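Visitor: Give me a model of this one.
(2 chains)
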Protein chains: 2
Amino acid sequence: MTLNRTPVHVNDAVAELMKRVKPLGTETVSYNDSYGRVLAQDLTATSDVPLFTKSAMDGFAINSAHSTGASGDSRVAFKVVEEVPAGSSSDYVLKDNEAFRIMTGAEIPESADTVVMFEQTKETDEGFTIRREFKAGENIAQKGEECKVGDVIVEKGTMINPGTVATLATFGYSEVEVFRQPVVGVLSTGTELLEVEDELERGKIRNSNTPMVLGQLKRMGIEGKHYKLETDDFDTLHTRIKSMLGEVDVIITTGGVSVGDYDLLPKIYDELGAEVLFNKVAMRPGSVTTVSALGDKLLFGLSGNPSACYSGFELFARPALNLMQEAALPFAPIVDAILDEDHPKPNPFSRFIRAELFFKEGKIYARPSGFNKSNAVTSIARSNGVIVLPGGTRGFVKGDAVKVMMTDVTTGADNFGVE
Amino acid sequence: MTLNRTPVHVNDAVAELMKRVKPLGTETVSYNDSYGRVLAQDLTATSDVPLFTKSAMDGFAINSAHSTGASGDSRVAFKVVEEVPAGSSSDYVLKDNEAFRIMTGAEIPESADTVVMFEQTKETDEGFTIRREFKAGENIAQKGEECKVGDVIVEKGTMINPGTVATLATFGYSEVEVFRQPVVGVLSTGTELLEVEDELERGKIRNSNTPMVLGQLKRMGIEGKHYKLETDDFDTLHTRIKSMLGEVDVIITTGGVSVGDYDLLPKIYDELGAEVLFNKVAMRPGSVTTVSALGDKLLFGLSGNPSACYSGFELFARPALNLMQEAALPFAPIVDAILDEDHPKPNPFSRFIRAELFFKEGKIYARPSGFNKSNAVTSIARSNGVIVLPGGTRGFVKGDAVKVMMTDVTTGADNFGVE
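Guide: Residues are numbered from 1 along each chain as shown, chains lettered A, B, ... in the order given. Here you go, the predicted model:
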């Protein structure tokens, strides 16, 4: 078998991959378990919000007509006839200059049309006085002013965040239809690999790619399926991949995709009849990243070099896994940033550098996080973003404008930063 | 009891709160469970990386001296004497113009000092020829070039991300010391509240705050403890809060902190002897947000209005919960953005508006996500950020520069965005 390895531009590789993604279908989950999932139905209002006209403040509900003529010199007095706490309502009909004492969220009785806040009154034995006229509707939230029954609040394809969960609860969606999450198997290959518990021995290194990729999946809310390390043996690997195909929607392997004698995955994919979408990308690191499709399944062959593996996941696996869930916004945001360190090396190909992003006075700064060869594991240890340098650019110096892909904002900032 | 409610600036409130955070101590977890936790120890290199001088490419390892004189017109021939796959090494001593066939990651035998890539050779029966001289060290990763044993790779106080997990694995940390996560109890109060499964009834609304706050905690990697709804009854609430204090490090309540007759939490905190850090913040929404301290425990009294509750959590609870874990960067990033919609209302106080952030050509745009009264649940349904408008500003128009707090980047972008 000979490999035809024609480098494609990273954009074309991503486009080709995204075109081949097959959605996984839907399932129903409890709203309690819906955080991070993608809506497979429009979230529509099942009632008006507010459902009833209610007080937006703590105070007194009155009929605005009764306040006519009130002024600082001629205060108008009201008598409190009933209390309306939140969760209650009243059918009492107000007579002249009578008032309800009413709490935020309580239903406005029909005979009242405006609310006077506590702070706008002076207390008396029987009630209170006011020093100005009130118009109908003050300090009141009108029935349906936020939304009407049937309004689409959140569209199908939206990732459910804490606010979306709140909205599900508001409208009584104790269950919700979401797109199924892909089952992703992660397998690292390489005879040189040891488990984390192993003592180092000559010529070997510990496997860091499996736990890293599982972490990258977890960051997306996906619990990956962990497969044991495999050595570079054709038959074992072939058998393992075949059995994984029966268990998962997506296989992510690390290692074994280069041009070395023991880089067996291309041969195995070929043997299995998988269609190679691309096996050479005009980018650094990770040019050997190989993605194949077999029926509805996707096989991501990421580089065994940790940094190349890391960017390969973020560039290809992340958006594809989001799109399998029919997410409307499957890509990580790419934003303007300021380079905080010289990067003198020219970039004949698109270059993706693991970076530490930090935030100062509204600006985003990016610092290549440590040593930047593709085999550098330490460079990803602090990384919360990826610097994107287009192919064909000269070196960059500190202060230059660059683009960065934001992978998470968990690490955040060291100060509150509000003016 | 009378409440002294003097509004403090939001910055002062946050500063006062952060000063009062007590760290929770440390615990040991498996590296597999360490994602999202905060390092309680420096992560130091337990070995040089690379541990041995190794090939960075697939090709042939030679002694560079043997390449002297090679040129296009006068190719120098090598004979392959042994193969060195990754995971192996060789003690064979190269004689004149002998070479090892070597794979990426394999140890460079002592008698070789440079690697010729496959692509740089022409195959022969016995081996290959080259057309240029090679210097010592080409295509080789030197022992210790990334880091030396004892180097600090990631500092204590860093939140563990997928790259950090990879680094733990590389250095054989099968367990790691992390700061303990706070146990957070979430309790919504209000007689007007129904459970999500309940049919709506007159004057009542479904509780959306508990699931929302649990989602906000989950976004931080914290599984909150869900307490059942309580009605506005002093004795029941008092008993409930007392028993929660024995079970959690932090109590987050929603509702019951305003000036209404049934806003009981201030009275309960007072009864329990809690010290009020602040109970009035010069901000909208959520001015009634109340935070108290009782011994080492923090009590967050968030507003019952969903949008105010949401921002109250992000502004106060999030950084405090991060700091309890001694995170070095406890705050969400605040970055420059472009307002995508008019906001004509002047802002006498700092205003925090739930917003939909979106990303276009490197710029961040912010759109107030729907209706923006503090009681609007629908406005948070799509929100992935908060627009921060400083107090004392006039209204803003579309296109104005504003600051936004980024709460997550899960939703991302609809295109790849690489040039």
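
Visitor: Show me what the residue nearest to A:Q120 when sequence neighbours are not counted is bridged to.
Guide: Closest residue in space to A:Q120, ignoring its immediate chain neighbours: A:I130 at 6.4 Å, by CB to CB, 6 or more residues apart in numbering or on different chains. (Each C-beta comes from the backbone N, C-alpha and C, glycine too.) Per DSSP bridges, the residues bridged to A:I130 are A:V76, A:T121.

Visitor: Go ahead and measure how far stretch A:11-23 is from the middle of the chain.
Guide: The gap between where stretch A:11-23 is centred and where its chain is centred comes out at 20 Å by CA atoms, centre = their mean, to the nearest Å.

Visitor: That one near chain B at all?
Guide: Yes: Stretch A:11-23 reaches chain B (CB under 8 Å from any CB of the partner chain) through A:N11, A:V14, A:A15.

Visitor: List the contacts of that stretch.
Guide: A:8, A:179, A:277-278, A:281, A:289, A:291, A:293, A:296, A:298, A:315-316, A:319-320, A:323-326, A:330, B:416, B:418 (CB atoms under 8 Å, 6 or more residues apart in numbering or on different chains).

Visitor: Apply 6 Å and report the result again.
Guide: Residues outside stretch A:11-23 that contact it (CB atoms under 6 Å, 6 or more residues apart in numbering or on different chains) are A:277-278, A:281, A:291, A:293, A:296, A:316, A:320, A:323-324, A:326, B:416, B:418.

Visitor: Among the residues of stretch A:11-23 next to chain B, name the ones in helices.
Guide: A:N11, A:V14, A:A15 (DSSP state H).

Visitor: Kindly indicate which of the residues you listed lies nearest A:I252.
Guide: A:V14 (16.2 Å; CB to CB).

Visitor: Name the residues of the stretch 1-150 of chain A found near chain B, please.
Guide: When proximity is defined as CB under 6 Å from any CB of the partner chain, the stretch 1-150 of chain A approaches chain B at A:11, A:14, A:35, A:47, A:51, A:58, A:85-89, A:103-105, A:107, A:146-147.

Visitor: Recalculate using a threshold of 7 Å.
Guide: By the rule CB under 7 Å from any CB of the partner chain, the part of the stretch 1-150 of chain A lying against chain B is A:10-11, A:14, A:31-32, A:35-36, A:47, A:49, A:51-52, A:56, A:58, A:85-89, A:103-107, A:118, A:141, A:146-147.

Visitor: Just the ones of those residues in strands?
Guide: If you go by DSSP state E, the residues of the stretch 1-150 of chain A next to chain B have A:A141 in strands.

Visitor: Can you go through the residues of the stretch 1-150 of chain A next to chain B and name the buried ones?
Guide: Buried subset of the residues of the stretch 1-150 of chain A next to chain B (neighbour count, 16 or more other CB atoms under 10 Å in any protein chain shown): A:10-11, A:14, A:31-32, A:35-36, A:47, A:49, A:51-52, A:56, A:58, A:85-89, A:103-107, A:141, A:146-147.

Visitor: Now A:T393. Nearest residue, chain neighbours left out?
Guide: Per CB to CB, 6+ apart, closest to A:T393 is A:N347, 4.9 Å.

Visitor: separation between that neighbour and chain B?
Guide: 12 Å (CB to the nearest CB, to the nearest Å).

Visitor: And the residue of the stretch 201-350 of chain A closest to chain B?
Guide: Nearest residue of the stretch 201-350 of chain A to chain B, counting by CB to the nearest CB: A:G215, 3.1 Å away.

Visitor: roughly how far apart are that residue and A:G395?
Guide: Distance of A:G215 to A:G395, given as CB to CB, to the nearest Å: 32 Å.
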